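In: predicted coordinates and the sequence they were generated for:
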Amino acid sequence: MIDMKYDIHILRKEDKLFPTRLNILEDCPDILYVLGNAGILNDFAIAIVGSRSCDEYGKSVTEDFSRELAQSGVCVISGLAEGIDTYAHKGALAGNGKTIAVLGSGFAHIFPASNKQLLEEIIESGGAIVSEYLPDQVPMSMCFPRRNRIVAAMTEGTLVTQAREKSGALITAKLARHYGKKLFAVPGDLNNRKRAGSNSLFKMGAKMVVEEKDILNEFPDYHFSAVKKSKKKTSNRLPPEKYANTYLLLQNGPIHMSELCRISKQGAGQVMSDLTMLEMQGFVKQLAGGFYTMI
Amino acid sequence: MLSKVKSMSLMGVCGYLVEVQVDVAYGIPSWDVVGLPDTSVREAKERVRAALRNVGIDFPSRKVIVNLAPANTKKEGPYFDLPIAVGIIMDLEYIRCDNIAEYVFIGELSLDGKINKINGILPMCIEAYNLGIKKAIVPYENRKEAGVVEGLEVYPAKTLSDVIEHLNGGRPIERYQTDVQALFSNERKYEFDFSDVKGQESIKRALEIAAAGGHNCLLIGSPGSGKTMLARRLPSILPDITFKESLEITKIHSIAGTLPSNEALITYRPFRAPHHTVSSVALVGGGSFPKPGEISLAHYGVLFLDELPEFKRNSLEVMRGPLEDNQVTISRVSGTLTYPCDFMLIASMNPCPCGYYGSKEKECTCTPNQITKYMGKISGPLLDRIDIHIEVSPVKYEKLESEEKAESSETIKKRVNNARAIQSQRYEGTDIICNAGLTPAMINKYCKLGKEEKEILQSAFQRLGLSARAHSRILKVARTIADLAGSEEIKVEHLAEAIQYRSLDRKYWS
């Protein structure tokens, strides 16, 4: 039947490990199925949600917030969906923090399938996978909005990093509001209305956040214990002399490699080679479409 | 009475001798062609009969039997009209010629006695020369092509009467010879030149490397970014063509009938761009009477597949073998043929179904799932045969207007020629001529890395998330970059640049 690598913990409502925050739900599930570390379900947690389709900006914002929150000891909860959810989990893993994924299907039917590896990484890192559905439940469209209510209820607050105007993430945000949780949002680009669904949340009273402290400061009673000293990159680190010329060409924002070759006085070959070296040493980053940006 | 006339036919890219034996005997009048003729050969009967009448020779009311020897191979095509007609005329004693055995006759007749152009004259003439035949009578329109074969006396004939007059010694046809030296000394101009390309420096560099090492190349970019425009210019920087290569290219085009009528030899590298609806047979060659496909027509040149994911999966998959072996073998009931196909594959594709993933101009509307599916249309094994991937981005309008003069193809080609010279020296005595052909064992031998370089490559795999299949591709491309720089060893900068040309291996893509 179902080939499972990990043990499934079955938590009943009465169990000690069952997330008590879920009790505020009128239709609180009686049973939760959990993979991995069931002991973290009652930890202080923040949900990070957003659209499945996101751009480079949404990706980097999500990963940064998630990593930094995780480093501050916050458990990051999301839905293991494509796009923002995936980056939220990845960010938390990168910050060596805990993360919980709440599924809208049974454990035997991970959706999307491409995230199976991520699921294993979450479990191996001491995180947890939660579902209210029996393991053989296939994913159905009605399941996902119901999943969102658990995401919203299991956390102290919800952060929307990037969303379309009609995104499922906004459902989660509204539910969080409904349950009296705190709501945070990252401002979106006003010119790109499709990607600026998070801006509508400000009208509902969401708190605008620009760094992870904006979220943490909302919970003065809680004492955050940093998991590890954050290894924040020092912005004044400079690349070796050899590559400095190429590096400095990137100071005005992302630029395509062809354009770099053109404005550089060195040959195309030299520039391409410099870019690889800079990227490997962590000074620049390649974006989709052959663009490069400073980190 | 029996007469024997020599003619030629084709098997793959080679000609072979066919002896046309004509016997005109007393008996019930009939007209038969034996020796496995196909329909077009059988129809020669009607053409020959009409042509004879129209040059003033009455077709005999006798029993005529024509045998095409060897009788066990299928004969196709209209090559035998002329030899059959000559055979009959000899039997009727309108021609008195003692040295008929020195001649080979190739040509199609029209009803009025005119000799029409045929395909594949070059390979037939080459084979005729190899067999020690001295003289060839060929259609007038094929004279330039046939005249390339040095040592073979080529007599181009316009009509059947010309042939009769020539053989009888009344009005000899003048021998034709093509000036091969002149063909090659002429400045060979390509229609498209890299000097027209503004910007796109990284792509030009990638194509230069591709040309220098013979690497297959994949251009990825949004619509209108100039993928096709760049690919069209690639032949202009490929190394100069040699006489041998030219002869081989011309042979294939001669058979396929794609040789421009006023050209004796193809002295430029072919550029073939089949549409994405192409069938697998049209791509690799085949048919019940096999014909060379697009990959063979691109022999020693460039095969450009625009919008690669739109091609039918099975059409692309059949190319895998030929890409590796540089030849394609077609097996049919009638026999097995081999066509050469040593080409550079240049493919282009959009980064996603809508075309704008990663573009700064327009927002991409595809879901990650759609993109994965789109990428999945190109199989891993095919991708494995493509050494260079590069992302193309559209040039901004201001840059199109700029007066900056870009490097001309001539300058780039000089560097390519130098790099190729180094390679051909290095690979002397081996089967390969350029870096693209390096086998795993040869990579170990010729792409040795120093300690520092090894470390760089290792950390590149870890930090940039390259997939394992990139390893040998990077080494090959790095070898070419080092050759372009005239460096004996592969240095760090060569390796670092080569890593740039593997964008599809990057994790972020999928």
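Out: The structure has been received and is ready for your questions.
In: centroid residue for chain A?
Out: Closest to where the C-alpha atoms of chain A average out (C-alpha atoms, centre = their mean) is A:Ala88, at 1.0 Å.
In: around chain B, which positions in the stretch 151-295 of chain A sit nearby?
Out: Taking C-beta under 8 Å from any C-beta of the partner chain, the part of the stretch 151-295 of chain A that reaches chain B is made up of A:192, A:194, A:256-262, A:267-277, A:279-280, A:282, A:286-291. Bear in mind the C-beta positions are built from the backbone N, C-alpha and C, glycine included.
In: narrow those to those in helices?
Out: Within these, residues falling in helices by DSSP state H are A:257-262, A:268-277, A:279-280.
In: okay, now B:Ser195: neighbour count?
Out: 16 (other C-beta atoms under 10 Å in any protein chain shown).
In: gap between it and B:Ser236?
Out: Counting by C-beta to C-beta, to the nearest Å, the gap from B:Ser195 to B:Ser236 is 10 Å.
In: joint contacts of those two?
Out: B:Ser409 (C-beta atoms under 8 Å, 6 or more residues apart in numbering or on different chains).
In: B:Glu150 is in contact with B:Thr178, isn't it?
Out: No - with contacts counted by C-beta atoms under 8 Å, B:Glu150 stays clear of B:Thr178, the gap being 9.1 Å.
In: looking at those two, which is more packed in?
Out: B:Thr178 (19 against 9).
In: could you check how far the residue in chain A positioned nearest to chain B is from B:Arg313?
Out: Residue nearest to chain B within chain A (C-beta to the nearest C-beta): A:Gly289, separated by 2.6 Å. Separation of A:Gly289 from B:Arg313 (C-beta to C-beta): 26 Å.
In: the more surrounded of these two?
Out: Comparing A:Gly289 with B:Arg313 by neighbour count (other C-beta under 10 Å), the higher total belongs to A:Gly289, at 24 against 12.
In: so who does the closest residue to the more buried one other than its chain neighbours touch?
Out: Spatial nearest neighbour of A:Gly289, excluding adjacent residues (C-beta to C-beta, 6 or more residues apart in numbering or on different chains): B:Gly358 at 2.6 Å. Listed by C-beta under 8 Å, 6+ apart, the contact set of B:Gly358 reads A:Leu287, A:Ala288, A:Gly289, A:Gly290, A:Phe291, B:Ser222, B:Pro351, B:Cys364, B:Glu391.
In: switch the cut-off to 7 Å
Out: B:Gly358 sits next to A:Leu287, A:Ala288, A:Gly289, B:Pro351 when contact means C-beta atoms under 7 Å, 6 or more residues apart in numbering or on different chains.
In: surely the residue of chain A closest to chain B meets B:Pro394?
Out: No - between A:Gly289 and B:Pro394 there is no contact under C-beta atoms under 7 Å: 10.3 Å.
In: hey, where'd the helices end up in chain A?
Out: A:56-71, A:84-94, A:116-124, A:143-153, A:168-178, A:199-203, A:212-216, A:241-248, A:257-263, A:268-280.
In: mean confidence score for the last one?
Out: The one in question is helix A:268-280. Averaged over helix A:268-280, pLDDT sits at 87.
In: now it - C-alpha only, PDB.
Out: Provided in PDB are the C-alpha atoms of helix A:268-280 (Å, rounded to 0.1, in the frame of the first residue of the first chain):
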ATOM      1  CA  ALA A 268      34.000  38.800 -23.100                       C
ATOM      2  CA  GLY A 269      35.900  35.700 -22.000                       C
ATOM      3  CA  GLN A 270      37.500  37.400 -19.100                       C
ATOM      4  CA  VAL A 271      34.200  38.900 -17.900                       C
ATOM      5  CA  MET A 272      32.500  35.500 -18.000                       C
ATOM      6  CA  SER A 273      35.300  33.900 -16.200                       C
ATOM      7  CA  ASP A 274      35.300  36.600 -13.500                       C
ATOM      8  CA  LEU A 275      31.600  36.200 -13.000                       C
ATOM      9  CA  THR A 276      32.000  32.500 -12.200                       C
ATOM     10  CA  MET A 277      34.800  33.200  -9.700                       C
ATOM     11  CA  LEU A 278      32.800  36.000  -8.000                       C
ATOM     12  CA  GLU A 279      29.700  33.800  -7.800                       C
ATOM     13  CA  MET A 280      31.600  30.900  -6.300                       C
END
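In: now do that helix against helix A:241-248, angle only.
Out: Comparing the axes of helix A:268-280 and helix A:241-248 via axes from the mean of the first three to the mean of the last three C-alpha atoms, to 10 degrees yields an angle of 90 degrees.
In: the third one too?
Out: Note on geometry: by the same axes, to 10 degrees, helix A:116-124 and helix A:241-248 are set 110 degrees apart in direction.
In: could you do the first one as well?
Out: Helix A:56-71 and helix A:241-248 are oriented at 120 degrees to each other (the same axes, to 10 degrees).
In: buried residues in helix A:56-71, which are they?
Out: For helix A:56-71, the neighbour count (16 or more other C-beta atoms under 10 Å in any protein chain shown) marks A:56, A:58-71 as buried.
In: what about stretch A:278-295, start to end distance?
Out: 10 Å (C-alpha to C-alpha, to the nearest Å).
In: would you map out the domains in the chain?
Out: Since no chain was named, I'll use chain A. A:8-216, A:241-294 (automatic domain parsing).
In: the intended chain is chain B.
Out: Structural domains assigned to chain B are B:2-178, B:180-351+B:382-397, B:438-510, following automatic domain parsing.
In: for stretch B:446-461, what is the average pLDDT?
Out: Mean predicted confidence for stretch B:446-461 is 89.
In: should've said stretch B:154-162
Out: pLDDT averaged over stretch B:154-162 gives 95.
In: that stretch: how far from the chain's middle?
Out: 30 Å (C-alpha atoms, centre = their mean, to the nearest Å).
In: list the buried ones in it?
Out: Buried residues in stretch B:154-162 (16+ other C-beta under 10 Å): B:Val154, B:Tyr155, B:Pro156, B:Ala157, B:Thr159, B:Leu160, B:Ser161, B:Asp162.
In: now tell me which helix or strand of chain B has the poorest mean pLDDT.
Out: Here the helix or strand of chain B ranked lowest by mean pLDDT, DSSP states H and E is helix B:397-401, holding a mean of 65.
In: which SSE is immediately downstream of that one?
Out: Moving toward the C-terminus from helix B:397-401, the next helix or strand (DSSP states H and E) is helix B:409-426.
In: ok so, going back, need the domains of chain B in JSON lines with distance to chain A, can you?
Out: Output for the domains of chain B, formatted as JSON lines (distance: least, C-beta to the nearest C-beta, whole Å):
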{"stretch": "domain B:2-178", "distance to chain A": "39"}
{"stretch": "domain B:180-351+B:382-397", "distance to chain A": "3"}
{"stretch": "domain B:438-510", "distance to chain A": "4"}
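In: now for these, which one comes closest to A:Lys16?
Out: domain B:438-510 (40.5 Å; C-beta to C-beta).
In: burial count for residue 144?
Out: As the question left the chain open, I've gone with chain A. Quick note: A:Phe144 (other C-beta under 10 Å) scores 17 neighbours.
In: my question was about chain B, not that one.
Out: B:Lys144 has 21 nearby residues by other C-beta under 10 Å.
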